[in-house]
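S.K.: just coords:
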């Protein structure tokens, strides 16, 4: 079963303003249990809200942390976002810009926690998915999101969508943390103007999905698309108290995967067509600060793709590799006659090619 979306325009908007309104998590309850997960499959979203606090251990004395350092926000028992309160570390540069946590919503599977039943993929998500199905456009994967955020103190964080690729076997059933091969992140917002991607290499800038992105890579297994400009223009050198930001948009995820695949040599990474993309996650990597994040909506749509762009989806295309020609090609001869794609996805050139093969036999 697929969720199918048709869209005519891509949109990414953010608002940065002094907020006189209530905080964004009004009328919610907070559950601050570490590693807490909420499986929302029973309401057909097939999403997992996950209170991920992976980065706290190497940089903090845990007993000194506030009890509400990170919490999942629930409205009538349904997760709608998260709050965070991570103290800034100013004495150690490495600790200051170490990611402390990644509260997130997962669509598909989270390979690092594959043995936990709440991190396994729901059948209706179509994940994990072979990389080749994205590269060859067998499936279109579109991500639609809308969020709002309220800053209670100076905050350093990003807002990102990410995907992990695994050596997961022929049927992608063996997606685990130990066979993770590549991470692709799309940062809609960055931590601050002073932040630098330590040990990353700025490879290029690219126009994708109606936006400009700086593309960074690191260690041969990590690619970041960083929005230019960053949308919240959040600067930790100036107090953010009372400020709010919001963003919404729709991305075709195939575009980012295709760019990495086409430029993997220049990016110094590997992306094997047979690797398995576990799922898609939206979250906030947190460096420090106190704030509230409300995920108004997050939807991932998987639809039949059109690998040869002839207007016939893969499931109905008997000729999924139709030559992109405007005229009929017969053998090596361009007849100059306008070509035509039939309802089954085959063009006149396809049919002549089959006839020519039959004749040669």
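M.R.: Yep, it's here. Here the structure is a predicted model, which is why all the values come from computation and not from measurement.
S.K.: Doesn't residue 67 belong to a strand?
M.R.: No. According to DSSP: H, G, I helix; E, B strand; the rest coil, residue 67 belongs to no strand; its state is coil.
S.K.: Leaving out chain neighbours, which residue sits closest to it?
M.R.: Spatial nearest neighbour of residue 67, excluding adjacent residues (C-beta to C-beta, 6 or more residues apart in numbering): residue 32 at 6.4 Å. Just so you know, the C-beta spots here come from the backbone N, C-alpha and C atoms, and that holds for glycine as well.
S.K.: Then residue 28?
M.R.: residue 73 (4.2 Å).
S.K.: and if you look at residue 97?
M.R.: Per C-beta to C-beta, 6+ apart, closest to residue 97 is residue 287, 5.7 Å.
S.K.: thought that neighbour was touching residue 94?
M.R.: No. The pair residue 287 / residue 94 is not scored as a contact, 11.6 Å apart, by C-beta atoms under 8 Å.
S.K.: picking that back up, ok, now which ones touch the residue nearest to residue 67?
M.R.: Applying C-beta atoms under 8 Å, 6 or more residues apart in numbering, we find residue 32 in contact with 51, 67-72.
S.K.: Now with 7 Å, please.
M.R.: Taking C-beta atoms under 7 Å, 6 or more residues apart in numbering, we find residue 32 in contact with 67-68, 70-71.
S.K.: which residues touch the residue nearest to residue 97?
M.R.: 97, 99-100, 156-157, 191.
S.K.: Which stretches in this structure count as helices?
M.R.: Counting by DSSP state H, the chain has helices at residues 93-96, 131-135, 253-262, 264-267, 348-360.
S.K.: could I get these as TSV with mean neighbour count?
M.R.: Output for the helices of the chain, formatted as TSV (neighbours: other C-beta atoms under 10 Å):
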stretch	mean neighbour count
helix 93-96	13
helix 131-135	20
helix 253-262	19
helix 264-267	14
helix 348-360	13
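S.K.: how about these in TSV, adding mean pLDDT?
M.R.: Shown next, in TSV, are those (pLDDT from 0 to 100):
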stretch	mean pLDDT
helix 93-96	80
helix 131-135	94
helix 253-262	96
helix 264-267	94
helix 348-360	71
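S.K.: To residue 283, which of the ones you listed lies closest?
M.R.: Closest to residue 283 of the helices of the chain, according to C-beta to C-beta: helix 253-262, at 15.7 Å.
S.K.: Remind me what that closest one packs against, helices and strands.
M.R.: helix 131-135, strand 139-151, strand 180-189, strand 201-208 (3 or more C-beta pairs under 7 Å, 6 or more residues apart in numbering; DSSP states H and E).
S.K.: Quick one: work out the angle between it and strand 180-189.
M.R.: Helix 253-262 and strand 180-189 are oriented at 120 degrees to each other (axes from the mean of the first three to the mean of the last three C-alpha atoms, to 10 degrees).
S.K.: And helix 253-262, how far out from the chain middle?
M.R.: In terms of C-alpha atoms, centre = their mean, to the nearest Å, the centre of helix 253-262 is found 12 Å from the chain centre.
S.K.: List the contacts of that helix.
M.R.: Residues from elsewhere that reach helix 253-262 (C-beta under 7 Å, 6+ apart): 131, 134-135, 137, 140-143, 184, 186, 206, 208-209, 223, 225, 267, 269, 271, 280.
S.K.: which residues does residue 223 contact?
M.R.: 184, 215, 217, 260, 267, 269.
S.K.: try 6 Å this time
M.R.: The neighbours of residue 223, taking C-beta atoms under 6 Å, 6 or more residues apart in numbering as the test, are 184, 217, 260, 267, 269.
S.K.: ok, those vs residue 249, which is closest?
M.R.: residue 184 (16.8 Å).
S.K.: what's the farthest-apart pair in the contacts of residue 32?
M.R.: Across the contacts of residue 32 (C-beta to C-beta), the longest gap, 10.3 Å, separates 67 and 70.
S.K.: between the two, who's got more neighbours?
M.R.: Legend: neighbour count by other C-beta atoms under 10 Å for residue 67 and residue 70, higher for residue 70 (25 against 7).
S.K.: and the residue nearest to that one when sequence neighbours are not counted, bridged to which residues?
M.R.: Among residues not flanking residue 70 along the chain, residue 84 sits closest, at 4.9 Å (C-beta to C-beta, 6+ apart). Residues in a beta bridge with residue 84, per DSSP bridges, are residue 70, residue 291.
S.K.: Can you report how many residues neighbour residue 84?
M.R.: There are 24 residues near residue 84, going by other C-beta under 10 Å.
S.K.: Look up which residues are beta-bridged to residue 249.
M.R.: Bridge pairing for residue 249 - DSSP bridges - gives residue 12, residue 145.
S.K.: what about it, how many residues close to it?
M.R.: Using other C-beta under 10 Å, residue 249 has 21 other residues around it.
S.K.: Quickly note the distance from it to residue 65.
M.R.: 33 Å (C-beta to C-beta, to the nearest Å).
S.K.: my read: residue 37 touches residue 50, true?
M.R.: Yes. Residue 37 is in contact with residue 50 according to C-beta atoms under 6 Å; the separation is 4.8 Å.
S.K.: Tell me which of those two has more neighbours.
M.R.: A direct count of neighbours by other C-beta under 10 Å for residue 37 and residue 50 places residue 50 higher, at 26 against 19.
S.K.: Any idea how many residues pack against residue 111?
M.R.: 24.
S.K.: Now do the same contact list for it.
M.R.: With C-beta under 6 Å, 6+ apart, residue 111 has these contacts: 164, 166, 175-177, 180, 278.
S.K.: All set now, cheers.
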